[in-house]
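Peer 1: give me coordinates for this.
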Amino acid sequence: MAMEIVILAAGMGTRMHSAKPKPLHDLGGKPMLARIVDTARAVSPTRLQVVIGKGADQVREAFAGTDLEFVVQAEQLGTGHAAMQALPQCDPESRVVVLLGDVPLLPSHTLEAFAAMECDLGILTVDVPDPTGYGRMLRSDDGSIRSIVEERDATPDEKAVCEINTGVMVAKAADFMRWLEQTNQDNDQGEYLMPDIVGLALGEGGRVAGMKADHPDDVQGVNDHLQLNRLERVFQRRQARALQRQGVRIADPERFDLRGELELGQDVAIDVNVVLEGTIRLGSNVTIGPNCHITNAEIGDGSVIKPNTVIEGASIMSDCSVGPFARIRPGAVLSDEVAIGNFVEVKKSVLGKGTKASHLAYLGDATIGARVNIGAGSITCNYDGVNKHQTLIEDDVFVGTNSSLVAPVTIREDSAIGAGSTITKEVPARTLAIGRGKQVIIKGWEKPRKGSNR
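Peer 2: Now for the predicted structure:
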């Protein structure tokens, strides 16, 4: 039987106190809705619909170009009402799984097993240490669900039940619609509620079955930033554990954040407060020091990223040393054995093998050869106020301290730039270029003193 999925993501999210719709708040660098969509896609549904409400245009824009089908719930009249907006588009004979857009950590293996349940109505449940405030699942002797009882209606024995309703359900589309059309708003919330269909299904003699999730965190919903932050740490701990099982040395899993996809080799070490975003590739024997932020980057075998370094959109080859306090910007390519030191910024530049810029330099829009030494305080002056220009530095060049290379300019191989020079013209190979103002000594000069009018 075909399977379709409906994700309910139309809630107001008032407790988030945000202009952004709740489903678009990030967890692990991705909107919560994107995470549950990924889980849904993993089980290959024939149709995937998302019911949206507040901020519908923002949600559509965030998922532009995808094959998601969006249905708008114009009035927020409860979960049952939300499901009724999407069910008419479903094949009446399809099995439909109703998911929640603010439950981002549901594992795909749980969803797959749940969708395959043989029953008329399936309910995903979970055991929790403290069920206060939740509807309790009451089971018959054969294990089937006989009712969901809300806390206000529960007896003391029923309140002791720790199995609760998560709100995730599965049934045939036609059955869902028939049951929901029989519900009403005669409840404290004044809404059409999904749990109300349990009694209707049982009243028809249907089999109502429950499947327990592995852990409460798998089905925990998000209503405010406290809950979102808690699940963020759950998510990051799980990622850290998975990486540790692959052999990664993570100094403290509580101070590690992976907000994207990570590919890595062997013997990788990651210190505290490291944030990895986007697509990251780390080779073998890579070491990342504390407080580094790395986004969409490749780092080759044996390279060391020292503390407080920011890398974005860059390729760093093997046996490089970068940092501390370095910034490697988009378009930078560091070849093997390049050394970038403290307070060095590299942007849209290629550095050849063995080149060094040890401190206080800016290299932008440059092609730099092998074994070049960039002295402290040296910069490529790549911007004339309107356009960017290129600097070419060939192999084995020595750039002295505090030099300014005014682009477009070429420095030929094995030449040297004297400290404090401003270079505006091509420097031939194997020459020394000095571009300084003439030093003048003024005799008889007196240092100004306080109170002097001079």
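Peer 1: which residues in the stretch 101-250 of the chain form helices?
Peer 2: When assigned using DSSP state H, counting those that start in this stretch, the helices of the stretch 101-250 of the chain occupy the ranges 108-115, 156-159, 173-181, 197-203, 225-245.
Peer 1: gap between the shortest one and the chain center?
Peer 2: Same thing as helix 156-159. Relative to its parent chain, helix 156-159 has a centroid offset of 42 Å by Cα atoms, centre = their mean, to the nearest Å.
Peer 1: cool, stretch 98-109 as well?
Peer 2: Centroid displacement of stretch 98-109 relative to its chain, using Cα atoms, centre = their mean, is 17 Å.
Peer 1: keeping just the C-alphas, turn that stretch into CSV.
Peer 2: Output in CSV follows, covering the C-alpha atoms of stretch 98-109 (Å, rounded to 0.1, in the frame of the first residue of the first chain):
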residue,chain,number,x,y,z
VAL,A,98,0.8,12.5,10.3
LEU,A,99,4.0,14.1,11.7
LEU,A,100,4.6,17.3,13.7
GLY,A,101,6.9,20.0,12.3
ASP,A,102,8.2,20.9,15.7
VAL,A,103,9.5,17.4,16.6
PRO,A,104,12.9,17.6,14.8
LEU,A,105,14.7,14.6,16.2
LEU,A,106,12.5,11.7,15.2
PRO,A,107,14.8,9.0,13.8
SER,A,108,14.1,7.6,10.3
HIS,A,109,14.3,4.0,11.6
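Peer 1: what does that stretch contact?
Peer 2: Contacts of stretch 98-109 from elsewhere in the structure, counted by Cβ atoms under 8 Å, 6 or more residues apart in numbering, are 5-9, 11, 13, 22-23, 27, 32-33, 35-36, 39-40, 42-43, 50, 83, 111, 166-170, 176, 194, 213-214, 217-223, 231, 234-235. Just so you know, the C-beta spots here come from the backbone N, C-alpha and C atoms, and that holds for glycine as well.
Peer 1: tell me how far residue 168 lies from residue 361.
Peer 2: Residue 168 sits at a distance of 56 Å from residue 361 (criterion: Cβ to Cβ, to the nearest Å).
Peer 1: secondary structure class for the nearest residue to residue 335 once chain neighbours are set aside?
Peer 2: Distances taken as Cβ to Cβ, 6 or more residues apart in numbering put residue 353 closest to residue 335, at 4.6 Å, once the chain neighbours are dropped. Assigned by DSSP: H, G, I helix; E, B strand; the rest coil, the conformation of residue 353 is coil.
Peer 1: any idea how far residue 372 is from residue 353?
Peer 2: As defined by Cβ to Cβ, residue 353 lies at a distance of 10 Å from residue 372.
Peer 1: mind giving me the PyMOL select for the contacts of stretch 98-109, buried ones only?
Peer 2: Here is the PyMOL command that selects only those of the contacts of stretch 98-109 that count as buried (16 or more other Cβ atoms under 10 Å):
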select buried, resi 5+6+7+8+9+11+13+22+23+27+32+33+35+36+39+40+43+50+83+111+166+167+168+169+170+176+194+213+217+218+219+220+222+231+234+235
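Peer 1: so what's the closest residue to residue 4 other than its chain neighbours up against?
Peer 2: Nearest residue to residue 4 in three dimensions, chain neighbours excluded: residue 47, at 4.3 Å (Cβ to Cβ, 6+ apart). Under the criterion of Cβ under 8 Å, 6+ apart, the contact partners of residue 47 comprise 4-5, 69, 89-91, 94.
Peer 1: ok, and the most crowded of those residues?
Peer 2: Neighbour count (other Cβ atoms under 10 Å) singles out residue 5 as the most crowded of those, with 28 neighbours.
Peer 1: so residue 284 touches residue 302, yeah?
Peer 2: Yes: with contact taken as Cβ atoms under 8 Å, residue 284 and residue 302 are classed as touching, separated by 7.5 Å.
Peer 1: who has more neighbours out of the two?
Peer 2: residue 302 (19 against 14).
Peer 1: is it true that that one touches residue 317?
Peer 2: No: counting by Cβ under 8 Å, residue 302 stays clear of residue 317, with 9.7 Å between them.
Peer 1: mind listing residues that contact stretch 404-422?
Peer 2: 365-366, 369, 375, 378-382, 388-403, 423-436.
Peer 1: measure that stretch end to end?
Peer 2: Taking Cα to Cα, to the nearest Å, the first and last residues of stretch 404-422 lie 5 Å apart.
Peer 1: how about the contacts made by the residue lying closest to residue 212 once chain neighbours are set aside?
Peer 2: Across the structure, with Cβ to Cβ, 6+ apart as the measure, the residue nearest residue 212 apart from its sequence neighbours is residue 125 (5.3 Å). For residue 125, the set of contacting residues under the criterion of Cβ under 8 Å, 6+ apart consists of 137, 163-166, 210-213.
Peer 1: gap between the two ends of stretch 175-193?
Peer 2: 15 Å.
Peer 1: buried ones in that stretch?
Peer 2: Buried residues in stretch 175-193, defined by neighbour count with 16+ other Cβ under 10 Å: 175-180, 183, 191-193.
Peer 1: repeat that for stretch 85-105.
Peer 2: Neighbour counts over stretch 85-105 (16+ other Cβ under 10 Å) mark 85-87, 90, 94-105 as buried.
Peer 1: same question, stretch 261-268
Peer 2: Of the residues in stretch 261-268, those buried by neighbour count under the rule 16+ other Cβ under 10 Å are 262, 264-265, 268.
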